[in-house]
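> I would like to see how this sequence folds:
(one chain, ligands or ions: 1)
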Amino acid sequence: MLRRSSVPLKTPDEIDAMAEAGRLSAKALRKVGEAVKPGVSTAELDEIAETLIREEGGIPAFKGYGGFPGTICASINDEIVHGIPSKQRILQEGDIISIDTGAIVDGWVGDNAWTYGVGTIDSNWEKLLATTEESLWAGIAAAQSGNRLGDIGHAVQKVAERAGYGVVREYAGHGIGRVMHEEPTVRNYGRPHTGLVLQPGMVIAIEPMVTMGTYRTVLQPDGWLVCTRDGLPSAHFEKTVAITDSGVRVLTEEPDYPRPL
Ligand code: MG
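Below is the predicted model of the structure:
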C-alpha cells in the first residue's frame, strides 16, 4: 500500500538555518560537559546552558516544553533520560551523567546529548559510554538517502547488543525542525531494509539510550525521570542530522569542536 509520508522535508537553506540551532545546541552541551566535576549540582549545569544559549540569541528548547522546567536534562547513573536539574543533586566522583540539551535559533530547533564521566569512572562504565557513542555513529552512518529507518535502528542495536548491552525500547529519536518532535519516530532497534525510506531534506535526531543490563525502564513519580528497572547504569548520546544528496550532515556540531569533548 502506498502511504504518503507525513515527514516534513527541509530545503538546503533551511538545513543551513538548522545548523545554526545545532551549533548553539552543541556549544551548550560542550560547555556543560566541561563543567562536569565532583561537587557540582545539576542546577549549576543547567544555568551554564541557559545563560550561554540566551547570550547567543537562542531560546532553550526544553524549558517549558511539555512543562519541563530545565534547559538541560541531567540523568545520573541508572537514570536514562529526562532528569530535572536540581540544587540538591550533586555530582560525585565515579558518576556518569547524561546531559541532553537543545536550542532554538530563528525558529529552528537543535537537540543533542552526551554522557560524561565525573572524575575517574569504572572501566566497565567507560566501555558503556564508548559503545553507546559508537552505536550513535553507526546509526548516523546508516542515515543515507535510500536507506530505511530500520537500517538506522539495526545499526545502533547491533553495536549495543554485540557488547552485551540493552537498547531502550520505550524512548526513541525523532524528526526535528520548527518543533522538537516531528515525524518520524527513529527507533534504536529494527530490521534492515524495513520502514520509511530516507530521503534528502529529512532532519532527524538519532539518540541511542543503552543500558548495562535490562532495557526495561521505570518512569519515576515526578512524571519525567526515566530509570533502568534493574538499577544498572545507562548512557545516552544524541545528534541532530540532516539527510542530504551528498550524504549525512551532522547539524549539532561546532566547526571548531567536532566532538563535544
Ligand atoms: Mg531528542
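
> what number of residues lie near the residue nearest to residue 247 when sequence neighbours are not counted?
Spatially, and ignoring its direct neighbours in sequence, residue 247 is nearest to residue 144 (6.6 Å; CB to CB, 6 or more residues apart in numbering). In short, each C-beta sits where N, CA and C put it, glycine included. Residues contacting residue 144 under the criterion other CB atoms under 10 Å number 14.

> my guess is residue 144 meets residue 242, correct?
No. Counting by CB atoms under 8 Å, residue 144 does not reach residue 242; the two are 11.6 Å apart.

> what do those two both touch?
Among the neighbours of residue 144, those also in contact with residue 242 (CB atoms under 8 Å, 6 or more residues apart in numbering) are residue 248.

> can you confirm the residue nearest to residue 247 is in a strand?
No. Residue 144 is assigned coil when assessed by DSSP: H, G, I helix; E, B strand; the rest coil, not a strand.

> which residues does it contact?
198, 243, 247, 248.

> just those residues now: which is nearest residue 207?
The shortest gap between residue 207 and any of the contacts of residue 144 belongs to residue 248, at 14.9 Å (CB to CB).

> tell me which element the closest one falls in.
strand 247-250 (DSSP states H and E).

> strands paired with that strand, and their directions?
Sheet pairing for strand 247-250, assigned by DSSP bridges, gives strand 239-244 (antiparallel).

> run the chain-centre distance for the partner strand.
In terms of CA atoms, centre = their mean, to the nearest Å, the centre of strand 239-244 is found 13 Å from the chain centre.

> also stretch 44-52?
18 Å.

> which single residue in the stretch 1-150 of the chain comes nearest to the ion?
residue 111 (4.2 Å; CB to the ion).

> excluding its backbone neighbours, what's nearest that residue?
residue 102 (4.0 Å).

> what is the burial count for that neighbour?
Neighbours of residue 102 under the rule other CB under 10 Å: 34.

> which residues sit in contact with it?
21, 25, 60, 61, 62, 109, 110, 111, 112, 180.

> next, the angle from the longest helix seen in the chain to strand 239-244.
Ordering each helix of the chain by length in residues (DSSP state H) puts helix 12-35 first. For helix 12-35 against strand 239-244, the angle by axes from the mean of the first three to the mean of the last three CA atoms, to 10 degrees is 160 degrees.

> what's the spacing between helix 12-35 and its chain's center?
On CA atoms, centre = their mean, the centre of helix 12-35 falls 12 Å from that of its chain.

> what about it and the ion, any contact?
No. Shown here: helix 12-35 not in contact with the ion (CB under 5 Å from the ion), separated by at least 10.2 Å.

> now that helix - C-alpha only, PDB.
C-alpha atoms of helix 12-35 as PDB (Å, rounded to 0.1, in the frame of the first residue of the first chain):
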ATOM      1  CA  PRO A  12      19.100  23.200   1.700                       C
ATOM      2  CA  ASP A  13      18.600  26.800   3.000                       C
ATOM      3  CA  GLU A  14      16.500  25.500   5.900                       C
ATOM      4  CA  ILE A  15      19.100  22.900   6.700                       C
ATOM      5  CA  ASP A  16      21.700  25.600   6.900                       C
ATOM      6  CA  ALA A  17      19.500  27.500   9.300                       C
ATOM      7  CA  MET A  18      19.000  24.400  11.400                       C
ATOM      8  CA  ALA A  19      22.800  24.100  11.500                       C
ATOM      9  CA  GLU A  20      22.900  27.400  13.500                       C
ATOM     10  CA  ALA A  21      20.500  26.000  16.100                       C
ATOM     11  CA  GLY A  22      22.600  22.900  16.000                       C
ATOM     12  CA  ARG A  23      25.800  24.800  16.500                       C
ATOM     13  CA  LEU A  24      24.500  26.600  19.600                       C
ATOM     14  CA  SER A  25      23.000  23.300  21.000                       C
ATOM     15  CA  ALA A  26      26.400  21.700  20.600                       C
ATOM     16  CA  LYS A  27      28.200  24.600  22.200                       C
ATOM     17  CA  ALA A  28      25.800  24.500  25.200                       C
ATOM     18  CA  LEU A  29      26.400  20.700  25.500                       C
ATOM     19  CA  ARG A  30      30.100  21.200  25.400                       C
ATOM     20  CA  LYS A  31      30.200  24.000  27.900                       C
ATOM     21  CA  VAL A  32      28.100  21.900  30.300                       C
ATOM     22  CA  GLY A  33      30.400  18.900  29.700                       C
ATOM     23  CA  GLU A  34      33.400  21.000  30.500                       C
ATOM     24  CA  ALA A  35      31.800  22.000  33.900                       C
END
